[in-house]
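**Student:** here are the coordinates; sequence isn't available:
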C-alpha cells in the first residue's frame, strides 16, 4: 500500500465536464440520425464526428 496522503485525480473537473458535454452531444446526434435514417453504422459515424467537434467546441468555450 502507498503511504502518500496526496491523492491526485486522473483528470480535472474541467476535463470531465468537457467529456460529459461532448458525450451528450454525440449520443444525441447519433440517436437523432438513427431515428431519422434508420442506419446504425452511419449513426455511429455521426456520433463520433460530433464527439470530436463538440469536444473542440466545449473546450474552447469553457477554456
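**Tutor:** That came through fine. What you see is a predicted model, and the numbers here were worked out from it, not measured in a lab.

**Student:** Show me which residues of stretch 6-15 are buried.
**Tutor:** Within stretch 6-15, no residue is scored as buried using 16 or more other CB atoms under 10 Å. To be clear about C-beta, it is placed using only N, CA and C from the backbone, and glycine gets the same treatment.

**Student:** can you give me the offset of stretch 21-36 from its chain's centre?
**Tutor:** 11 Å (CA atoms, centre = their mean, to the nearest Å).

**Student:** Quick one: residues in contact with it.
**Tutor:** For stretch 21-36, contacts defined as CB atoms under 8 Å, 6 or more residues apart in numbering pick out 39-40, 42-44, 46-48, 50-51, 54-55, 58.

**Student:** From these, list just the buried residues.
**Tutor:** 43, 46-47, 50-51, 54-55, 58.

**Student:** can I get the residues you listed in TSV with pLDDT, distance to residue 6 and secondary structure?
**Tutor:** Below are the buried ones among the contacts of stretch 21-36 laid out as TSV (pLDDT from 0 to 100; distance: CB to CB, whole Å; DSSP: H, G, I helix; E, B strand; the rest coil):
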residue	pLDDT	distance to residue 6	secondary structure
43	98	43	helix
46	98	42	helix
47	98	37	helix
50	98	37	helix
51	98	33	helix
54	98	33	helix
55	98	29	helix
58	98	29	helix
